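1. Build me a model from this:
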Amino acid sequence: MSGALLAAYVCCLPEKMFDVPYATVVTDCHGELLGARIASDGQWRFPATGQVAEKFATCLIAFEDRYFHYHWGVNPWATGRALMQNLRAGRVVSGGSTLTMQTIRLARRRQRTAREKLIEIILATRLEFRYSKAQILSLYASHAPFGGNVVGLDAAAWRYFGHPPEELSWAEAATLAVLPNAPASVHPAKNREILLEKRNRLLRRLHRRGIMDSTDCELALSEALPSEPLPLPQFAPHLVNYFHRRRPGRQTVTSIDKNLQLQVEAVLERHHAEFSRSDIRNLAAVVIDVRTGQARAYCGNVYFQTRDSGNQVDIIRSPRSTGSILKPFLYCAALQEGEILPDMLLPDIPMNIDGFAPQNFNLRFDGAVPASQAVARSLNVPAVSLLRRYSVPKFHDFLKRAGITTLDKPASHYGLSLILGGAEATLWDVASVYTDMARCLQGLERRPCSLLVGGEADGGDRPAVFRAGAVWQTFEAIKEVNRPEEIDWRAIPSMQPVAWKTGTSFGFRDAWAVGVTSHYAVGVWAGNASGEGKAGLVGARTAGPVMFDLFNLLPASPWFEQPSGELVEAEVCRLSGHLKGRHCDDTEPALLCPAGLRTAACPYHRSVHLSADGRFRLYAHCAGSEATIQKSWFVLPPAWEWFYKPGHPAYKSLPPFRTGCGDDSDKPMQFIYPQGNTRVSLPRQLDGKRGEITFELAHSRSDATVFWHVDGAYLTLTRDFHKFTTPLSSGRHTVTAVDGEGHTLSVRVEVE
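-> Numbering: from 1, shown residues only. Okay, here's the model as predicted:
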């Protein structure tokens with residue numbers, strides 16, 4: 001029998017003392033409160049921390065249970081005294097409960113009866129065997145009612161006084177210590193006189209016991225009571241919501257630095273005031289510490305409380321059209337896999353690929369442009385050309401391995417538009433990939449960027465995607481992007497170098513800017529959460545200035561060190577950026593990724609024979625005894641040359657062949673549109689006539705005359721600008737161009 005009673009006593013206490021929902025609490029890396037979301041039962045009940053503020057503990061024990069540290073859950077003297085008082089009064093005027101018994105009552109939430117009191121006594125003694133006094137005090141402080149829907153010390157300290165329990169004054173601690181005694185009838189909004197009297201009586205008691213000196217006591221007595229509950233802090237509200245969805249009812253210590261968060265929010269609000277005049281209503285930014293991979297500031301949007309402008313949308317986690325923000329990833333991938341060299345010429349001419357006709361932002365063409373300049377200037381046409389060369393499926397896979405999580409469709413769905421904003425990404429993913437590149441360059445292991453001090457679960461191995469040599473060359477290229485302030489940042493010692501890139505989506509719906517130093521990555525997005533486009537919404541004009549203002553908040557970082565052992569030296573052609581060819585006479589040493597040594601030698605320099613006066617080309621069998629000159633000549637394809645020459649006055653076209661001393665193997669013409677076998681759709685015009693197609697070609701001689709034929713029938717001739725428009729019937733057609741020297745060029749077109 002005694003054994004059964006002992007077993008019942010041992011097992012009488014439930015394993016989990018309190019089965020109640022808790023509020024979601026989010027703090028910064030120093031434990032400062034960023035924000036909270038109310039518990040599912042409508043109570044402000046913070047998760048238990050296991051600690052109780054010293055002043056509150058002192059006040060609570062003095063008020064509720066002076067001998068708390070000396071009894072085993074029940075104070076016989078206090079219980080007997082309460083029994084005598086109740087008998088004399090004929091009603092319950094004192095409970096005699098210890099703090100341990102009150103903790104049991106809070107956990108059980110039963111009606112107060114003599115039987116329930118006996119149960120509380122038994123369970124209180126059992127509780128003393130399971131937990132230490134500090135743990136019992138913590139359980140009580142975390143679940144005691146403090147009036148209204150405020151439960152627990154932490155929530156009460158914030159709701160009534162606006163700061164954590166550790167910062168409570170004596171007066172504040174005493175106020176909270178007496179509140180749980182009768183929270184329904186006495187609290188800051190009801191019976192304030194009684195509350196004040198109880199608080200002051202407790203303060204004087206502490207003074208009599210020598211816990212407070214007279215000065216502290218007088219100051220505490222003079223403090224006013226709180227008037228009404230205060231709103232909780234609302235820092236990084238989108239981040240708080242994020243953890244409320246992912247970790248409801250828990251306290252989360254994030255990697256955010258509250259001081260930096262406040263400064264970042266202030267910068268965004270200042271810029272938002274300017275952008276809103278152009279009806280650009282939303283702005284987001286994230287700051288990541290490269291060395292730790294942890295976010296230091298997280299602003300998902302501005303003015304969270306504004307509900308009618310999309311401000312509650314967390315843009316950092318929202319997929320948005322990427323614009324040009326992915327171009328450095330393609331450049332880096334192509335470098336490390338040996339598809340290009342850093343300054344290799346890429347075509348920048350009109351192109352139309354199955355109806356896809358990309359345009360540069362400035363609506364101009366350079367003919368040919370070094371790859372490093374193409375990425376720094378964010379030229380669309382060279383980027384599409386490079387992606388076509390690299391392959392869309394391979395780049396699609398590269399982006400997914402790099403950490404872009406929103407590519408949920410096959411590569412064929414995106415096509416070549418993938419590099420121009422045809423896909424969506426989140427600001428978090430993009431900033432994380434740039435952070436990964438910076439970590440790779442510094443020899444740091446690859447890890448997912450985190451919002452938690454201790455990091456987040458990786459979910460598996462993360463094999464390296466980037467190689468330090470290619471990242472170095474990529475950052476060196478995008479470090480040269482023109483800054484919004486239009487000043488020479490290199491001439492100002494206080495301005496640090498930043499590798500950065502902007503992006504603007506089609507229709508001016510999204511403006512991006514992401515920058516990286518050796519210590520920080522900063523990502524900014526501007527636009528409208530609704531997707532509404534605005535004419536002035538351009539990355540370099542909106543997101544870019546915000547990004548640099550955020551970098552100004554951060555400590556200056558040294559520029560990256562060039563990685564050792566990652567690059568090899570080789571001779572490259574100064575004009576073409578290719579490996580030195582046998583006819584290149586102007587070369588320079590360059591550092592290349594090892595895979596770049598597999599690229600082709602310069603195809604644009606050729607050896608030509610010229611007449612003595614240099615006016616004509618000729619073959620050796622035509623020269624006879626005439627003196628000739630052999631010279632290396634830089635020659636671009638005709639279409640490239642047509643657009644390249646106006647911006648490069650030093651470029652000279654090849655001289656023509658002397659009459660009768662040439663052949664047709666050297667084509668001076670190249671079609672600009674259409675190119676190769678092209679299929680076009682020509683809808684009928686408004687007047688019912690057949691649709692028309694425009695043909696355009698480039699000729700290396702500015703004074704050439706070109707004769708146009710369609711399906712063998714002569715149509716027209718052009719001079720200077722070789723472009724003409726004609727209607728074509730459905731079916732296949734052959735268009736032929738013949739210049740005055742008899743050079744012929746044809747292209748096939750299928751009209752739908």
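2. give the contact list for the nearest residue to residue 262 once chain neighbours are set aside.
-> Counting by C-beta to C-beta, 6 or more residues apart in numbering, residue 235 is the residue found nearest to residue 262 once chain neighbours are left out, at 6.8 Å. C-betas here are computed from N, CA, C, even on glycine. Neighbouring residues of residue 235 by C-beta atoms under 8 Å, 6 or more residues apart in numbering: 28, 34-35, 258, 261-262, 265.
3. Likewise for residue 243?
-> 24, 26, 250, 252, 254, 451.
4. What is the burial count for the last one?
-> Going back to what we said before, that points to residue 451. Around residue 451 there are 22 other residues, counting by other C-beta atoms under 10 Å.
5. tell me the pLDDT at the nearest residue to residue 705 once chain neighbours are set aside?
-> Closest residue to residue 705 apart from its sequence neighbours, by C-beta to C-beta, 6+ apart: residue 740 at 4.8 Å. With respect to pLDDT, residue 740 scores 78.
6. Quick check, residue 740 in contact with residue 703.
-> No: with contact defined as C-beta atoms under 8 Å, residue 740 does not reach residue 703; the gap is 9.1 Å.
7. The two: which is more packed in?
-> Neighbour count, other C-beta under 10 Å: between residue 740 and residue 703, residue 740 has more, with 14 against 9.
8. ok, now how distant is the more buried one from residue 722?
-> The spacing between residue 740 and residue 722, counted by C-beta to C-beta, to the nearest Å, is 12 Å.
9. next one: residue 252
-> Counting by C-beta to C-beta - residue 252 and residue 722 are separated by 66 Å.
10. looking at this protein, which helix or strand does the model trust least?
-> helix 76-89 (a mean of 60; mean pLDDT, DSSP states H and E).
11. continuing past that helix, what's the next helix or strand?
-> Under the assignment DSSP states H and E, the closest C-terminal helix or strand after helix 76-89 is helix 99-108.
12. Just put the contacts of residue 243 in CSV and tack on distance to residue 601, secondary structure and pLDDT.
-> Formatted as CSV, the contacts of residue 243 follow (distance: C-beta to C-beta, whole Å; DSSP: H, G, I helix; E, B strand; the rest coil; pLDDT from 0 to 100):
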residue, distance to residue 601, secondary structure, pLDDT
24, 62, strand, 97
26, 59, strand, 97
250, 62, coil, 94
252, 58, strand, 94
254, 54, strand, 96
451, 49, coil, 95
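13. count of neighbours near the residue nearest to residue 727 when sequence neighbours are not counted?
-> Closest residue in space to residue 727, ignoring its immediate chain neighbours: residue 690 at 4.3 Å, by C-beta to C-beta, 6+ apart. Neighbourhood size, residue 690 [other C-beta under 10 Å]: 15.
14. Residue 690: what secondary structure?
-> coil (DSSP: H, G, I helix; E, B strand; the rest coil).
15. Please enumerate the helices of the stretch 201-350 of the chain.
-> 214-222, 237-246, 258-275, 327-336 (DSSP state H, counting those that start in this stretch).
16. which outside residues touch the shortest one?
-> When contacts are defined by C-beta under 8 Å, 6+ apart, helix 214-222 is touched by residues 169-171, 174, 200, 203-204, 206-207, 212.
17. thinking again about what came up before, pull out the buried members of the contacts of residue 235.
-> With burial judged by 16 or more other C-beta atoms under 10 Å, the buried subset of those is 28, 34-35, 258, 261, 265.
18. mind putting the residues you listed in TSV, pLDDT and distance to residue 400 included?
-> Listed next are those as TSV, based on pLDDT from 0 to 100; distance: C-beta to C-beta, whole Å:
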residue	pLDDT	distance to residue 400
28	95	32
34	96	32
35	96	33
258	97	35
261	97	31
265	97	33
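19. Just the closest of these to residue 151, please.
-> Proximity of those to residue 151 was ranked by C-beta to C-beta; the top entry is residue 35 with 18.0 Å.
20. Which residue is the nearest non-sequential neighbour of that closest one?
-> Closest to residue 35 by C-beta to C-beta, 6+ apart is residue 240, at 3.7 Å.
21. if we can go back for a sec, could you name every residue contacting both of residue 740 and residue 722?
-> With C-beta under 8 Å, 6+ apart, residue 740 and residue 722 have common neighbours residue 704.
22. Give the rounded mean pLDDT of the helix or strand where residue 476 lies.
-> Per DSSP H and E, residue 476 falls inside helix 468-478. Taken as a whole, helix 468-478 has a mean pLDDT of 97.
23. continuing past that helix, what's the next helix or strand?
-> Counting by DSSP H and E, what follows helix 468-478 is strand 499-504.
24. Which elements pack onto the next helix or strand after that next one?
-> Later in the chain than strand 499-504, the nearest helix or strand by DSSP H and E is strand 510-516. Under the contact definition 3 or more C-beta pairs under 8 Å, 6 or more residues apart in numbering; DSSP states H and E, strand 510-516 sits against strand 320-321, helix 427-441, strand 499-504, strand 520-527, helix 543-553.
25. just the angle between the fourth one and strand 510-516, please?
-> Per axes from the mean of the first three to the mean of the last three C-alpha atoms, to 10 degrees, the angle that strand 520-527 makes with strand 510-516 is 170 degrees.
26. Likewise for the last one?
-> Inter-element angle recorded for helix 543-553 and strand 510-516: 30 degrees (by the same axes, to 10 degrees).
27. Next, the buried residues of helix 543-553.
-> 543-551, 553.
28. what would those look like in TSV with distance to residue 193 and pLDDT?
-> Formatted as TSV, the buried residues of helix 543-553 follow (distance: C-beta to C-beta, whole Å; pLDDT from 0 to 100):
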residue	distance to residue 193	pLDDT
543	57	95
544	60	94
545	57	94
546	53	96
547	56	96
548	57	94
549	52	95
550	51	96
551	56	95
553	49	95
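29. As TSV, these with distance to residue 272 would be great.
-> Below are these laid out as TSV (distance: C-beta to C-beta, whole Å):
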residue	distance to residue 272
543	12
544	15
545	12
546	9
547	14
548	16
549	12
550	14
551	18
553	16
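30. quick check, nearest of those residues to residue 368?
-> The nearest one, if we look at those relative to residue 368 and count by C-beta to C-beta, is residue 544, at 27.2 Å.
31. need the contact list for residue 382.
-> Going by C-beta under 8 Å, 6+ apart, the list of residues near residue 382 reads 346-348, 369, 371, 374.
32. if you set the cut-off to 6 Å instead, what comes out?
-> 346, 348, 369, 374 (C-beta atoms under 6 Å, 6 or more residues apart in numbering).
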